[in-house]
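> Predicted coordinates and the sequence they were generated for:
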Amino acid sequence: MDLVKYARESGCYLVEDDYDSEFRYDGAPVNSLYELDPDRVIYIGTFSKILFPSLRLGYIVLPPQLIMQFREWKRLGDHHTNSISQLALMRFIESGDLERHIRHMKKVYRNRRNLLLELLDQYFPNQYRVLGDSAGMHMILDLRGIEFSPDLVQRITDSGVYVVPVEEHSVMKGLHLNQIIMGYAHLTRQDMELGLQRIKSAIK
């Protein structure tokens with residue numbers, strides 16, 4: 001509400017990237033800023049995660065007063081987005097198949113998230129906490145007493161497991177040394193077990 005109030009008072013626009021909002025597993029959906037003030041919020045999204053990245057289609061929901069200007073910028077920027085892909089996606093949406101697809105994948109990703117949480121209990125009992133697991137396709141693993149130094153991350157990588165330290169993405173350094181980002185959307189149980197075994201071995 002403070003952000004929206006600031007945008008109204010200063011005459012600026014807020015750009016809202018509602019990333020992974022379709023895949024929320026716990027609690028009620030979080031309202032978008034756009035719903036609070038459609039005249040001051042530019043809402044953007046992509047079909048890369050919902051469908052697949054090579055589709056290369058995204059969207060912008062604009063305040064009415066910006067539509068003509070953005071159309072011109074789009075025309076000057078890349079002339080036109082692939083018509084066949086746009087038409088196919090339009091029909092996919094209009095038929096209700098996109099909504100059904102999202103509902104199905106939400107169940108799939110929720111089950112994989114739950115499985116990873118269950119396996120973390122087995123491999124790191126009473127040693128971890130997770131952050132950001134209520135939505136999306138990844139979570140933050142916070143391991144008490146473990147610093148994911150460049151050497152440790154390299155050992156994990158050399159073992160065949162790709163992890164990303166949160167520290168690489170943080171503005172204030174030194175506050176997230178014991179945290180890594182763990183994706184789970186594409187993993188089987190066997191993948192998860194093998195990955196956690198290798199992480200634990202690299203730590204030891």
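Yep, that arrived. Residues are numbered from 1 along each chain as shown.
> Give the other helices and strands that the lengthiest helix in the chain contacts.
Ranked by number of residues, the top helix in the chain under DSSP state H is helix 97-123. On a contact count with 3 or more CB pairs under 8 Å, 6 or more residues apart in numbering; DSSP states H and E, helix 97-123 meets strand 128-131, strand 138-143, helix 189-203. Where you see a C-beta, it was placed from the backbone N, CA and C, and this is true even at glycine.
> So which of the ones you listed is nearest residue 162?
helix 189-203 (9.0 Å; CB to CB).
> Next, count neighbours for residue 118.
11 (other CB atoms under 10 Å).
> how distant is stretch 50-68 from the center of its chain?
17 Å (CA atoms, centre = their mean, to the nearest Å).
> circling back: any idea which of the helices and strands packed on helix 97-123 is most buried?
Counting by mean count of other CB atoms under 10 Å, strand 138-143 has the highest mean neighbour count of the helices and strands packed on helix 97-123, with a mean of 18.
> Give me the domain ranges for the protein.
2-95, 114-203 (automatic domain parsing).
> would you list those in TSV and tack on distance to residue 107 and mean pLDDT?
Shown next, in TSV, are those (distance: least, CB to CB, whole Å; pLDDT from 0 to 100):
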stretch	distance to residue 107	mean pLDDT
domain 2-95	9	89
domain 114-203	11	93
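> and among those domains, the most buried is which?
Of all these, as judged by average neighbours under mean count of other CB under 10 Å, the leader is domain 114-203 with a mean of 15.
> Please measure how far the first residue of that one sits from its last one.
24 Å (CA to CA, to the nearest Å).
> and the helix or strand harbouring residue 8, what does it pack onto?
Following DSSP states H and E, one finds residue 8 within helix 2-10. Counting contacts by 3+ CB pairs under 8 Å, 6+ apart, helix 2-10 packs against strand 14-17, helix 33-36.
> With respect to residue 144, which of these lies nearest?
Taking the helices and strands packed on helix 2-10 one by one with CB to CB, strand 14-17 is closest: 31.7 Å.
> could the helices and strands packed on helix 2-10 go into TSV alongside distance to residue 53?
Converted to TSV, those look like this (distance: least, CB to CB, whole Å):
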stretch	distance to residue 53
strand 14-17	16
helix 33-36	24
